[in-house]
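Participant: Let me see the structure of the following:
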Amino acid sequence: MSQWSNNNPAQNRAEMWLGHWNLLISLVSRDIRARYRRTVLGPLWAIIPAILYTVILSFLSGLVGASSEGMPRLAFVMSATVPWTFLQSTVVRIPHGVLANGTILRKMPVPRQIFPLVVLLTTCFDFLMSSIVLFVVLQIFRLPVNWTWLWLPVLFFMTGFLAWVIGIGLAALTIYRRDMLHGIQYIMQVWLFVSPVMVSSKKILADWPLLHALNPAAGIIDGFRKVLVFGEAPNFEWLLASLALSCLLLAVAYPLYHVMSRYFADVL
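Facilitator: Model (predicted):
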């Protein structure tokens, strides 16, 4: 009976996936603990980037006279800053996450797709922590919770999906060209200023319509703002455009990562 069980393909696959799931949870737990262990502020570091971005961008937005469309500027900016920080952190960290787990790749036959997922789940924790602060800010400005908040899981999934797609594409390239790692942060800074974070989508659409149309994050970030601050449903056409652009990027990034990652163990 034992011999038959060991040769059962279905059981072997189930055990393999269970092992991979356990490894995924273990790596996520390890990364979260490692980031905040022996720190004075602990998990508060998860919310500090979003808060700093909000303060700086709110100041710059007011300095240049950008419209907050009649809403409190702090809430207007923070509703876009929190999802943007989630997107940016995931994109920047995925290549580093693959590099950091080179030892595991060399020693264990594990799916190479697991390491970008580890980063994504870790940054999800940061996003949830920042969302608590965002909720408090919205309540301070008496912005009510309404039915449009049902869109938040969709927007959250689309943000994570886009970040994962771009992250694996960059990981496939940067593993072989390490100097590109230094450029990712600068690319994200440029992307920030052409996205509706500091200013409204209407402003970007009026001044740079082509950039708005080609920006896969535009519809998602604007959707968060509409839901949280204005109590409106996202612009469905913009969301579809963001999803379509994300899928087009996936059609390039995933095959690239799949092919290039076969040789990760040789170069890490």
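Participant: now the stretch 51-200 of the chain, which segments are flagged as low pLDDT?
Facilitator: Applying pLDDT under 70 to the stretch 51-200 of the chain flags the ranges 102-103, 105-109, 178-179.
Participant: Helices along the protein, start to end?
Facilitator: Ranges of helices in the chain, per DSSP state H, are 2-6, 9-36, 48-63, 73-100, 102-107, 114-140, 152-174, 181-193, 201-207, 209-214, 218-225, 236-260, 264-267.
Participant: From Ser131, how far off is the residue nearest the centre of the chain?
Facilitator: With distances taken as Cα atoms, centre = their mean, the residue of the chain nearest its centroid is Leu87 (3.0 Å). Using Cβ to Cβ, to the nearest Å, Leu87 is found at 14 Å from Ser131. Every C-beta, even on glycine, is put in place using the N, C-alpha and C of the backbone.
Participant: Just give me the neighbour total for Trp84.
Facilitator: 26 (other Cβ atoms under 10 Å).
Participant: coming back round to it: so of the helices of the chain, which one's packed in deepest?
Facilitator: helix 218-225 (a mean of 26; mean count of other Cβ atoms under 10 Å).
Participant: Okay, angle between it and helix 73-100 too, please.
Facilitator: Counting by axes from the mean of the first three to the mean of the last three Cα atoms, to 10 degrees, helix 218-225 lies at 130 degrees to helix 73-100.
Participant: Let me see the mean pLDDT of helix 218-225.
Facilitator: What helix 218-225 shows for mean pLDDT is 95.
Participant: Can you give the contact residues for it?
Facilitator: 76, 79-80, 82-84, 151-152, 155, 158-159, 162, 195-197, 200-201, 204, 212, 234-235, 237-242 (Cβ atoms under 8 Å, 6 or more residues apart in numbering).
Participant: Go ahead and produce CSV holding the CA coordinates of it.
Facilitator: The C-alpha atoms that make up helix 218-225 are tabulated as CSV, following Å, rounded to 0.1, in the frame of the first residue of the first chain:
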residue,chain,number,x,y,z
ALA,A,218,-3.8,56.0,-14.3
GLY,A,219,-7.3,54.3,-14.2
ILE,A,220,-6.4,52.4,-11.0
ILE,A,221,-5.1,55.3,-9.0
ASP,A,222,-7.9,57.5,-10.1
GLY,A,223,-10.4,54.8,-9.1
PHE,A,224,-9.1,54.7,-5.6
ARG,A,225,-9.5,58.5,-5.3
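Participant: How far off centre is that helix?
Facilitator: 14 Å (Cα atoms, centre = their mean, to the nearest Å).
Participant: residue contacts, the closest residue to Leu243 other than its chain neighbours?
Facilitator: Spatially, and ignoring its direct neighbours in sequence, Leu243 is nearest to Met158 (6.5 Å; Cβ to Cβ, 6 or more residues apart in numbering). Applying Cβ under 8 Å, 6+ apart, one finds that Met158 lies in contact with Ile220, Leu239, Ser242, Leu243, Ser246.
Participant: Run through the residues that contact the last one.
Facilitator: Right, Ser246. Contacts of Ser246 by Cβ under 8 Å, 6+ apart are Met158, Phe161, Leu162, Val165, Pro216.
Participant: Closest one of these to Ile48?
Facilitator: Among these, Leu162 lies closest to Ile48 (Cβ to Cβ), at 23.4 Å.
Participant: quick one: the closest one from Ile220, how far?
Facilitator: 7 Å.
Participant: so what sits against both of the two?
Facilitator: Listed as contacting both Leu162 and Ile220 by Cβ under 8 Å, 6+ apart are Ser242.
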